[in-house]
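In: predicted model follows, preceded by the sequence.
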Protein chains: 2
Amino acid sequence: MRLGARFLAVDWGTTNRRIYRIEDGIIADRLHDARGVKAIAAGSYPAEVTAMRARFGDLPVLMAGMVGSSIGWRDAGYVAAPVGLEAIVAGLAWIDARTAIVPGVSVVVDGRGDVMRGEEVQLFGAVTAGLAPPDALLVQPGTHCKWAEMAAGRIARFTTAMTGELFALLRGQSILAAQLGGAVTAGPAFLDGVAAARDQGLAAALFGVRAAGLLGLRDDTEAAAYTSGLLIGADVDAALRSFAHSEVHLLADPALGALYAAAIEAHGRTARRVDSEAAFIAGITAIGALT
Amino acid sequence: MRLGARFLAVDWGTTNRRIYRIEDGIIADRLHDARGVKAIAAGSYPAEVTAMRARFGDLPVLMAGMVGSSIGWRDAGYVAAPVGLEAIVAGLAWIDARTAIVPGVSVVVDGRGDVMRGEEVQLFGAVTAGLAPPDALLVQPGTHCKWAEMAAGRIARFTTAMTGELFALLRGQSILAAQLGGAVTAGPAFLDGVAAARDQGLAAALFGVRAAGLLGLRDDTEAAAYTSGLLIGADVDAALRSFAHSEVHLLADPALGALYAAAIEAHGRTARRVDSEAAFIAGITAIGALT
């Protein structure tokens, strides 16, 4: 175990950064800030880590997320799925003897490729900590929603959907933008959208939002929830056709988790909430222990 | 016949305007400019029509398109489908005794609403001119692609898909933007996209474009054609599930028409090209003749 039981774990994404001091698998100290890789100049990663050690203790550092991409500190590459924890550890990008970056995971099935970077830590951690069984379907909603199938504790295959990004584009830039200012909750309008997504192509279902407004078929205050239901519903519908599991383990913040749980239940499957942070801590601790 | 056999027909859209002097169903003179309704100040429509008459002759004027919307000259409303030519004529919004605007068409099927404004003239004209049979499926690709079923010469039902707008959003603003600068033709990459759209949810298929670039599975010069194939393929796939016709009558410019024809043929249906302008002239002449 090169890193030891006390180390700093960094969940370093595009926009956000979470730093933890971990001692024997427990969070001893933590910091959440907005210093994602977009905010870090290319040459200043060593100084960032020096500052972390000054703040949290002069300990080994294990990082995951976009810090290991071509726009981060160093491209840590991808390890090909199916993949277990050992291959992730073997693929660590070592900056020096006590500073490493977790590689991403890639998959190619029937010619379709996919990638993840950072999510793999939560996936392994959920299983390691017993938050999900070794054979399970997990979903990590967000800008790019990940659906991952674990088999015998390994990442077997996964699919990413641009669900959150599409909603942001529609709300920000599209002909629907003026209608989409309302709140999004897992109420009747959201569930109507989930149901409608099963029956129509997405591009046609979306235009139906505009037509419903023009024809007075739906109050525009409900349009955002309905449209979110269309997008999340289409995502869930497609994923559950591909992944046959009766239970879905859901790693998400409460608001987005409530939407995905409602859509999953509307499809007759069971959604089980998993604490994303607990999964990350378990996963990064397991990786550190195998170094 | 209030309008007479000689009149000015205006296809007045959001961005573009086409003015025709029609004499006995034939184009005697024409002008295409960029003075769509977005370019016209609210109070200046009378002056625009005065200018048309000064340029083309002091004739009756029959207009269709967004000029009849809430952002145009006057909201001409919608006539509910199923609808024939007579109901369109009965629904004309008369500005004065020789100046009228064609109403739009609305439809509600199983609670899903849809609207068109301007496309109805081409649909009726295609049938009136014998360019499509009275029972037919027609498609009008574009920013908002219309699929319309004619039955006994009437518009029976229709669906609009935001296909072109989604492609523009993805190319302009999304994480895929940097990959989507390439040419879009109906070649192998486009057809790969059409095929892939059958097997995956759209949001997941789109993320596959990014992953294929990162993993080197597809050259980024082909990403735009593939992504267009995904979007048009998903549109065609959903529409052809809803409309069972073996032939699709296609009203489109040559470039977009070639893409839709390729996707329709890939789905085992026959695409028949129809001249959009001839359809518009026939339709507006038929409406004028019934006034």
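Out: Nice, thanks for sending it over. Residues are numbered from 1 along each chain as shown, chains lettered A, B, ... in the order given.
In: centre-most residue in chain A?
Out: Nearest to the mean C-alpha position of chain A, by CA atoms, centre = their mean, lies residue A:140 at 4.1 Å.
In: all helices for the stretch 1-150 of chain A, in order.
Out: A:45-56, A:85-90, A:119-128 (DSSP state H, counting those that start in this stretch).
In: tell me the buried residues in the longest one?
Out: Buried residues in helix A:45-56, counted by 16 or more other CB atoms under 10 Å in any protein chain shown: A:45, A:48, A:49, A:52, A:53, A:56. C-beta: built from backbone N, CA, C; applies to glycine.
In: okay, the helices of the stretch 1-150 of chain A in a markdown table with mean pLDDT and distance to residue A:235 next?
Out: Conversion of those to a markdown table gives the following (pLDDT from 0 to 100; distance: least, CB to CB, whole Å):
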| stretch | mean pLDDT | distance to residue A:235 |
| --- | --- | --- |
| helix A:45-56 | 98 | 34 |
| helix A:85-90 | 98 | 26 |
| helix A:119-128 | 98 | 16 |
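In: with respect to chain B, which of those helices lies nearest?
Out: Chain B lies closest, by CB to the nearest CB, to one member of the helices of the stretch 1-150 of chain A: helix A:119-128, at 12.9 Å.
In: so the closest one, near chain B or not?
Out: No: figure legend: helix A:119-128 not in contact with chain B (CB under 8 Å from any CB of the partner chain); closest approach 12.9 Å.
In: which phi and psi values does residue A:155 adopt?
Out: Comment: the main-chain dihedrals of residue A:155 come out as phi -80, psi 110, following degrees, to the nearest 10.
In: test of understanding: give the bridge partners of it.
Out: Beta-bridge partners of residue A:155, counted by DSSP bridges, are residue A:83, residue A:150.
In: shouldn't it be in contact with residue A:120?
Out: Yes: Residue A:155 is within contact range of residue A:120, at 6.3 Å (criterion: CB atoms under 8 Å).
In: anything in contact with each of those two?
Out: A:83, A:105 (CB atoms under 8 Å, 6 or more residues apart in numbering or on different chains).
In: run a quick neighbour tally on the residue nearest to residue A:17 when sequence neighbours are not counted.
Out: Nearest-residue entry for residue A:17: residue A:35, 4.8 Å, with adjacent residues in sequence omitted and distances by CB to CB, 6 or more residues apart in numbering or on different chains. Using other CB atoms under 10 Å in any protein chain shown, residue A:35 has 16 neighbouring residues.
In: from residue A:45, how far off is residue A:35?
Out: Residue A:35 sits 11 Å away from residue A:45, going by CB to CB, to the nearest Å.
In: per-residue confidence at the residue nearest to residue A:17?
Out: On the pLDDT scale, residue A:35 is placed at 97.
In: one more: residue A:1?
Out: 59.
In: likewise the one 5 residues further on?
Out: At residue A:6 the predicted local confidence, pLDDT, stands at 95.
In: any regions of the stretch 1-150 of chain A where pLDDT drops low?
Out: Applying pLDDT under 70 to the stretch 1-150 of chain A flags residues A:1.
In: for the lengthiest helix in chain A, buried residues please.
Out: For chain A, the helix with the greatest residue count under DSSP state H is helix A:223-242. Taking 16+ other CB under 10 Å as the neighbour-count basis, helix A:223-242 is seen to contain the buried residues A:223-240, A:242.
In: before we move on, what about stretch A:179-188?
Out: Going by 16+ other CB under 10 Å, stretch A:179-188 has these buried residues: A:179, A:180, A:182, A:184, A:186.
In: can I assume the fourth one sits in a strand?
Out: No: remark: residue A:184 does not belong to a strand; assigned using DSSP: H, G, I helix; E, B strand; the rest coil, it is coil.
In: list the contacts of it.
Out: Here residue A:184 is in contact with A:190, A:224, A:225, A:228, A:259 (CB under 8 Å, 6+ apart).
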